[in-house]
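**Student:** Pasting a predicted model and its sequence here:
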Amino acid sequence: MSSQDVITVIEDVAEMKAYSNALRKEGKSIALVPTMGALHEGHLSLMREGRKRADILVVSIFVNPTQFGPSEDYNKYMRDREGDLEKMKNIGVDAVFMPGPDEIYPPGFQTYVQVEELEKPLCGALRPGHFRGVATVVLKLFNIVKADVALFGQKDYQQWKIIERMARDLNLDIEILGLPIVREETGLAMSSRNAYLSDQDTQRALSLSRALLEVKSQFANGTCKTESLVDSGKRVLERASVEDVDYLEIRDGETLQNKHEATGGDVAAVAARVGGARLIDNIIL
Ligand code: AMP
């Protein structure tokens with residue numbers, strides 16, 4: 001067994017803090033990749049980069065109840081502890097922090113973080129409380145793991161921008177990195193929720209990335225009016241019979257403000273329900 005196959009599994013907060021404190025005392029730097037498990041290549045790409053960025057690589061696996069709405073998929077969200085540990089072999093993960101919900105939210109818990117403006121549009125408008133739950137748990141993970149650098153996927157673009165803003169606003173001593181979306185060969189953005197899709201749903205789901213590519217190509221061809229760009233993307237979704245579209249919008253890449261005219265660096269983002277899954281994707285113009 002190579003040393004890379006030995007992953008320390010930590011389930012409680014005190015033990016995680018002690019692990020990190022001891023390493024920091026030795027002068028070691030720590031990278032953190034926060035996940036909800038059901039790992040795929042998107043998660044693994046963050047881990048591989050994390051491995052390069054610090055002496056110690058910690059992955060957290062926590063399906064965070066406070067970021068799920070009452071009618072969302074918290075209970076049915078996939079949990080695959082053994083499969084996840086297997087996938088992390090050979091990546092060089094030093095420790096996995098897998099707390100239970102009561103460990104993170106003990107009785108009496110009542111403190112939350114809100115990134116006020118960035119959480120309003122896009123997914124925030126449709127998932128009330130979602131980003132409050134995300135920001136809160138991520139800040140807790142930062143405090144528990146004491147990482148120097150944390151890696152996030154641009155797949156969850158709004159989440160990435162919210163965490164960046166939180167780190168800046170609260171003077172956190174942590175570097176936030178956002179890494180490119182990992183896709184299937186078909187273009188479908190990898191997601192743990194793709195497991196909910198039937199074969200037929202998967203075909204329809206491909207229209208999300210295709211719609212974004214259409215927006216980007218129209219923009220490259222000189223169309224700047226966001227309304228026209230959005231319409232061109234929506235037509236792609238319609239043709240694939242994706243009717244349950246939460247949004248397809250173009251927003252400023254940093255502030256997430258609405259735009260009438262698109263400029264380079266803006267983000268085109270889409271969220272839609274296909275079969276039983278709510279899928280999101282985005283592309284930078
Ligand atoms: P999740 O387990 O869905 O909470 O995701 C954990 C981290 O992995 C987040 O930073 C996500 O943005 C990132 N991630 C999820 N899917 C992908 C993907 N297809 N490509 C890159 N990063 C991803």
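**Tutor:** Yes, it's here.
**Student:** From now on I want contacts and neighbour counts done on CA atoms only, so please keep to that.
**Tutor:** Fine.
**Student:** Identify the residue spatially nearest to residue 17, adjacent ones excluded.
**Tutor:** Nearest in space to residue 17, with sequence neighbours left out and distances taken as CA to CA, 6 or more residues apart in numbering, is residue 144 at 5.4 Å.
**Student:** any idea how far residue 96 is from residue 145?
**Tutor:** 10 Å (CA to CA, to the nearest Å).
**Student:** hey, where'd the helices end up in the protein?
**Tutor:** Ranges of helices in the chain, per DSSP state H, are 13-25, 41-53, 81-88, 101-104, 122-126, 130-145, 157-169, 199-220, 226-239.
**Student:** So what angle separates the directions of the first one and helix 130-145?
**Tutor:** Counting by axes from the mean of the first three to the mean of the last three CA atoms, to 10 degrees, helix 13-25 lies at 60 degrees to helix 130-145.
**Student:** Next: the second one.
**Tutor:** Inter-element angle recorded for helix 41-53 and helix 130-145: 40 degrees (by the same axes, to 10 degrees).
**Student:** What helices and strands are in contact with helix 41-53?
**Tutor:** strand 30-35, strand 56-61, strand 149-153 (3 or more CA pairs under 8 Å, 6 or more residues apart in numbering; DSSP states H and E).
**Student:** if you set the cut-off to 7 Å instead, what comes out?
**Tutor:** Counting contacts by 3 or more CA pairs under 7 Å, 6 or more residues apart in numbering; DSSP states H and E, helix 41-53 packs against strand 30-35, strand 149-153.
**Student:** Any part of that helix near the ligand?
**Tutor:** Yes. Counting by CA under 6 Å from any ligand atom, the ligand is contacted by helix 41-53 at 42, 43.
**Student:** and what of the fifth one?
**Tutor:** No. Helix 122-126 stays out of contact with the ligand when judged by CA under 6 Å from any ligand atom, the minimum separation being 13.5 Å.
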